[in-house]
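Undergrad: Provided below are the primary sequence and the corresponding predicted coordinates.
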Amino acid sequence: MNCWRSAVIFVLAWSGPTFRLLAGETAAISLKSPARYEVIQRQGFEPRKAHENQEGGPVLGYADVTIRGVLPGAEKGSVEARVVPLDGATGRGVEWTPVKAKIEADRMEGTLRVPAGGWYRLEVRCRDGEKTLAEGSVEPFGVGEVFIVAGQSYATNCNDEQFKVADPHGRVSAFDSTKGTWGVAHDPQPAGDGSEGGSIWPVFGDTLLPMVRVPIGLANVAVGGTSSTQWLPEGKLHPRLIETGQRLGRFRAVLWQQGESDVIDGVSTADYVKRVRQIRDAAATSWKFDPPWLLAKSTLHPTVYKYPAREEAIRRGIDELCRLPGFRPGPDTDALGGENRGGIGTRRHFSGIGQRRAAMMWFAAVWQELNRPEASSIEPQAGVQTAAHFATDVRVETDYLLSLPKDYASQEKWPLVIFLHGSGERGQDLELVKKHGPPKLAGAGKEFPFVVVSPQCAEKTRWETYRLIALLDDLCRRYRIDEDRIYVTGLSMGGAGTWNLAAAIPDRLAAIAPICGGGDPGITKRIASLPTWIFQGAKDSPESVAQAQAMFEALKKHGGSPRYTLYPEAGHDAWTETYSNPEFYSWLLAQKRTPKPEGEAKSK
């Protein structure tokens with residue numbers, strides 16, 4: 001078994017509330033979570049560092065696994081747990097570790113950080129000194145990749161051939177949302193329609209498993225013969241989708257294969273886009289996180305209808321959706337014709353060979369999704385500042401800290417504040433960025449009513465406008481950004497970067513707030529109408545004070561109405577007081593971009 005690098009396990013030793021033990025032998029702990037064959041979604045996976053020659057081993061991630069069970073009565077003791085790899089397992093085990101557990105009556109709940117991999121056995125014990133009072137175990141379970149499957153018949157068991165999971169250890173698992181249990185994902189899948197034929201999912205899981213080297217979990221809620229209308233929040237199918245996602249807690253993505261019924265109904269492109277967006281947005285709000293939806297093009301049903309124009313309307317709708325934040329292209333299974341489709345006398349969906357090929361197409365789409373740079377953080381967790389990564393095909397790369405509002409999923413758009421640090425925080429360690437400003441406050445638990453993005457500048461470089469514009473473009477595609485309320489602020493070198501970015505894209509910003517950072521008065525005519533608040537310490541260098549005053553005067557000369565705060569006792573650090581002042585944030589959020597008159601060119 002390979003010994004791969006795992007995340008550091010953070011634990012707290014704890015002796016919890018006392019509980020009674022019936023005198024005599026060691027009692028049994030009945031574990032309810034994790035369940036047998038359960039797969040818990042990993043986090044911390046880094047595609048760039050997942051290769052075999054990575055120093056310290058592939059970075060495959062981890063999960064904070066919930067341990068829940070029934071403890072017998074005991075007088076006192078503390079809870080410990082360990083994780084033991086089973087035969088053929090990937091990942092690595094965890095030695096006996098104290099678990100911070102909450103105990104009420106005989107119910108216990110705690111968490112343990114477990115490296116990605118499996119199958120594993122979880123062992124839990126209650127100890128009083130060297131004496132074991134109670135113990136229990138559950139196997140198998142794993143930490144890996146989890147997906148919800150939704151849509152209609154091509155995603156269920158309406159295909160010709162039943163497949164079994166080929167992995168000898170059964171590390172492709174299916175969640176039965178009706179029974180609330182997990183099991184090896186042999187056909188038929190525990191889908192939402194009770195269909196009893198074959199599916200594409202065992203082959204998909206067997207193909208993905210050796211590539212990701214962690215167990216695969218599938219939760220199939222698809223129902224044959226259903227239109228997008230039936231999946232809307234007010235429809236009959238939406239509650240099961242929501243409940244399944246909530247029971248999983250976290251998962252990688254929704255795999256959506258649907259469209260035939262909308263072709264039959266003659267649904268327009270615009271209506272299909274509107275409906276699927278409503279389905280996704282309502283789900284994200286209920287789940288309290290924003291997983292991507294991979295959309296298959298699944299509009300053909302040759303033995304039932306031939307409506308090329310209607311099919312094209314749904315295909316166009318999927319193309320439009322995939323240009324919106326939160327949606328990704330899935331496979332184009334409409335390309336599978338001829339021998340890939342069952343004919344009259346069959347189940348009239350995919351033939352056996354078609355199932356295999358559709359599974360391979362889904363694998364390709366999911367593999368691409370897993371290797372996106374941002375796959376390392378799954379989807380950002382609202383209310384928690386996390387590390388993220390940005391890259392494009394032209395190799396513009398920027399690491400940044402991201403802080404989303406706690407109720408991020410509750411509304412469609414949020415203001416964005418971009419914070420540019422000073423020269424002392426350059427490098428490759430995002431912890432440096434937390435030294436000052438909004439990321440410092442977010443790291444200390446402050447909640448902002450806007451999205452905060454704090455990029456990091458490389459060593460021995462300064463803020464380059466083209467990199468910041470590329471990052472901004474990506475942020476607007478990826479997150480729920482109100483493009484009329486984008487604000488930029490920075491300190492020292494970041495203040496200069498703020499001036500330069502404003503000069504490049506004044507029509508994309510709602511306001512700027514440079515702090516003790518010099519600018520070129522020659523740009524002020526271009527940005528005069530942009531709301532600006534300048535901050536400066538009076539005891540900073542004479543050159544810095546003079547530059548701030550010059551920018552203020554030049555903006556006024558060109559018809560601007562800037563604000564200027566000169567702190568009489570502050571030196572170069574004019575930012576601590578600024579970023580601690582609620583009035584500053586109120587002023588920012590009161591500013592809104594004024595749209596350009598129609599026909600006027602935007603800045604490039």
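TA: Sure thing, it's come through.

Undergrad: What strand or helix carries residue 445?
TA: Per DSSP states H and E, residue 445 falls between elements, in no helix or strand.

Undergrad: now it: how far from residue 406?
TA: As judged by Cβ to Cβ, to the nearest Å, residue 445 and residue 406 stand 11 Å apart. Where C-beta positions appear, they are placed from N, C-alpha and C, glycine not excepted.

Undergrad: When these two are compared, which one has more neighbours?
TA: residue 406 (14 against 9; other Cβ atoms under 10 Å).

Undergrad: Look at the spatially closest residue to the more buried one that is not a sequence neighbour and report its pLDDT.
TA: Spatially, and ignoring its direct neighbours in sequence, residue 406 is nearest to residue 383 (3.4 Å; Cβ to Cβ, 6 or more residues apart in numbering). For residue 383, the pLDDT comes out at 77.

Undergrad: Would you confirm that residue 383 contacts residue 409?
TA: No. Between residue 383 and residue 409 there is no contact under Cβ atoms under 8 Å: 10.8 Å.

Undergrad: Show me where the stretch 101-250 of the chain has its strands.
TA: Using DSSP state E, counting those that start in this stretch, the strands of the stretch 101-250 of the chain run over residues 101-104, 107-115, 117-128, 131-151, 172-176, 181-184, 216-220.

Undergrad: what lines up beside the third one in the sheet?
TA: Read it as strand 117-128. Strand 117-128 sits in its sheet next to strand 78-90 (antiparallel), strand 131-151 (antiparallel), going by DSSP bridges.

Undergrad: That one to strand 107-115, inter-axis angle?
TA: Strand 117-128 and strand 107-115 are oriented at 140 degrees to each other (axes from the mean of the first three to the mean of the last three Cα atoms, to 10 degrees).

Undergrad: Buried ones in strand 117-128, by neighbour count?
TA: 117, 118, 119, 120, 121, 122, 123, 124, 125, 126, 127 (16 or more other Cβ atoms under 10 Å).

Undergrad: pLDDT averaged over that strand - what is it?
TA: In the prediction, strand 117-128 has an average pLDDT of 94.

Undergrad: what's the closest of the buried residues of strand 117-128 to residue 422?
TA: Residue 422 lies nearest to residue 117 out of the buried residues of strand 117-128, by Cβ to Cβ, at 41.3 Å.

Undergrad: immediately after the helix or strand bottoming out on mean pLDDT in the chain, which helix or strand?
TA: Every helix and strand of the chain was ranked by mean pLDDT, DSSP states H and E. The lowest is strand 386-390, at a mean of 65. Remark: after strand 386-390, the chain's next helix or strand is strand 398-403, criterion DSSP H and E.

Undergrad: Report the distance from that next one to the chain centre.
TA: Centroid displacement of strand 398-403 relative to its chain, using Cα atoms, centre = their mean, to the nearest Å, is 13 Å.

Undergrad: Direction included, what does whichever helix or strand comes after it pair up with?
TA: For strand 398-403, the succeeding helix or strand toward the C-terminus, using DSSP H and E, is strand 414-420. For strand 414-420, the paired strands and their directions (DSSP bridges) read strand 451-455 (parallel), strand 481-491 (parallel).

Undergrad: Could you check the longest one and say which residues are buried?
TA: In other words, strand 481-491. For strand 481-491, the neighbour count (16+ other Cβ under 10 Å) marks 481, 482, 485, 486, 487, 488, 489, 490, 491 as buried.

Undergrad: gap between the closest residue to the first one other than its chain neighbours and residue 453?
TA: Leaving aside its sequence neighbours, residue 481 sits nearest to residue 416 (Cβ to Cβ, 6+ apart; 4.9 Å). Computed as Cβ to Cβ, the residue 416 to residue 453 distance reads 7 Å.

Undergrad: between the two, what contacts are shared?
TA: The contact sets of residue 416 and residue 453 overlap at residue 475 (Cβ atoms under 8 Å, 6 or more residues apart in numbering).

Undergrad: Could you point out the helix or strand that follows the host helix or strand of residue 577?
TA: Assignment of secondary structure by DSSP H and E places residue 577 within helix 575-579. Remark: after helix 575-579, the chain's next helix or strand is helix 582-590, criterion DSSP H and E.

Undergrad: Can you give me the buried ones in that following helix?
TA: 584, 585, 587, 588, 589.

Undergrad: could you give me the average pLDDT of it?
TA: Rounded mean pLDDT across helix 582-590 is 97.

Undergrad: Which strands and helices lie in contact with it?
TA: Applying 3 or more Cβ pairs under 8 Å, 6 or more residues apart in numbering; DSSP states H and E, one finds that helix 582-590 contacts strand 414-420, strand 481-491, strand 511-515.

Undergrad: returning to that earlier point: ok, now how distant is the residue nearest to residue 481 from residue 432?
TA: 22 Å.

Undergrad: Pick out whichever of those two has more residues nearby.
TA: Between residue 416 and residue 432, counted using other Cβ under 10 Å, the more crowded position is residue 416 (23 against 15).

Undergrad: Now do the same for the more buried one: its pLDDT.
TA: For residue 416, pLDDT reads 98.

Undergrad: Same check on residue 599?
TA: For residue 599, the pLDDT comes out at 44.

Undergrad: got CSV for the buried residues of strand 117-128, with distance to residue 210 too?
TA: Output for the buried residues of strand 117-128, formatted as CSV (distance: Cβ to Cβ, whole Å):
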residue, distance to residue 210
117, 13
118, 14
119, 15
120, 18
121, 22
122, 24
123, 28
124, 31
125, 34
126, 38
127, 39
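
Undergrad: Residue 476: which of the residues you listed is nearest?
TA: So of the buried residues of strand 117-128, ranked by how close each gets to residue 476 (Cβ to Cβ), first place is residue 117, at 36.5 Å.

Undergrad: so what's the closest one up against?
TA: Applying Cβ under 8 Å, 6+ apart, we find residue 117 in contact with 4, 60, 85, 89-92, 142-144, 213-215.

Undergrad: Roughly how far does it sit from residue 81?
TA: Note on residue 117: its distance to residue 81, by Cβ to Cβ, is 16 Å.

Undergrad: and what of residue 540?
TA: 55 Å.

Undergrad: which stretches of the protein form helices?
TA: Secondary structure of the chain (DSSP state H): helices at 201-212, 238-248, 260-265, 269-287, 308-321, 352-370, 437-443, 465-478, 493-504, 524-527, 542-557, 575-579, 582-590.
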